[in-house]
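# model this:
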Amino acid sequence: MPERSPETDVIDFRAAEQLLAARDPRGAIRLLDPVITAHPENTAARLLRARAFFLAAQLRSAELEFQIVLEREPANAYAHFALARTLERANRTDEALRHFRLAAALDPRPDFVEAARFAPAGGTQGGNGDRGRGPSGDAAS
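Numbers count the residues shown, from 1 in each chain. Below is the predicted model of the structure:
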């Protein structure tokens, strides 16, 4: 196997983004593994690999990657939201709700607030929220 270079890592990262967009999460994971081995501190690569794990239904691996991202960036609203989706998909709804609420508190985007099930200003507690959406923003399976 040829020696890796920073350029190779960038190319692999970008190719992994394309594979994920093309719904090939396992291909993306294969490209990201050596990038993360070479650059374990790279949060963007870890976040992308976490999304790929989620889409490949490797929920425990996705959870671990999202947790690593949050250890480094505790105010990363998207990572909280994506971790919540992962926990929700694993039927761990109480844990998921905690991260949905953290995401909404950090970034009050409508989809984060809806998923957090905060009561609307003049109404009652919300329903399902955006239950069918995954960390990629696509419909979860």
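
# how near is Phe100 to Ala21?
25 Å (C-beta to C-beta, to the nearest Å). The way it works is simple: take the backbone N, C-alpha and C, and place the C-beta from them, glycine included.

# neighbour count: the two, which is higher?
Phe100 (28 against 11; other C-beta atoms under 10 Å).

# quick check, that one in contact with Ala82.
No. Phe100 is beyond contact range of Ala82, at 10.5 Å (criterion: C-beta atoms under 8 Å).

# just the CA atoms of the helix ranked longest in the chain, as PDB, please.
In the chain, taking DSSP state H as the definition, the longest helix is helix 6-21. Output in PDB follows, covering the C-alpha atoms of helix 6-21 (Å, rounded to 0.1, in the frame of the first residue of the first chain):
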ATOM      1  CA  PRO A   6      -2.100  15.000   3.300                       C
ATOM      2  CA  GLU A   7      -3.300  15.300  -0.300                       C
ATOM      3  CA  THR A   8      -4.500  11.600  -0.300                       C
ATOM      4  CA  ASP A   9      -6.400  12.200   3.000                       C
ATOM      5  CA  VAL A  10      -8.200  15.300   1.500                       C
ATOM      6  CA  ILE A  11      -9.000  13.400  -1.700                       C
ATOM      7  CA  ASP A  12     -10.300  10.400   0.400                       C
ATOM      8  CA  PHE A  13     -12.400  12.800   2.600                       C
ATOM      9  CA  ARG A  14     -14.000  14.500  -0.400                       C
ATOM     10  CA  ALA A  15     -14.600  11.100  -2.000                       C
ATOM     11  CA  ALA A  16     -16.200   9.800   1.200                       C
ATOM     12  CA  GLU A  17     -18.600  12.900   1.200                       C
ATOM     13  CA  GLN A  18     -19.600  12.000  -2.400                       C
ATOM     14  CA  LEU A  19     -20.100   8.300  -1.500                       C
ATOM     15  CA  LEU A  20     -22.300   9.300   1.500                       C
ATOM     16  CA  ALA A  21     -24.300  11.600  -0.800                       C
END
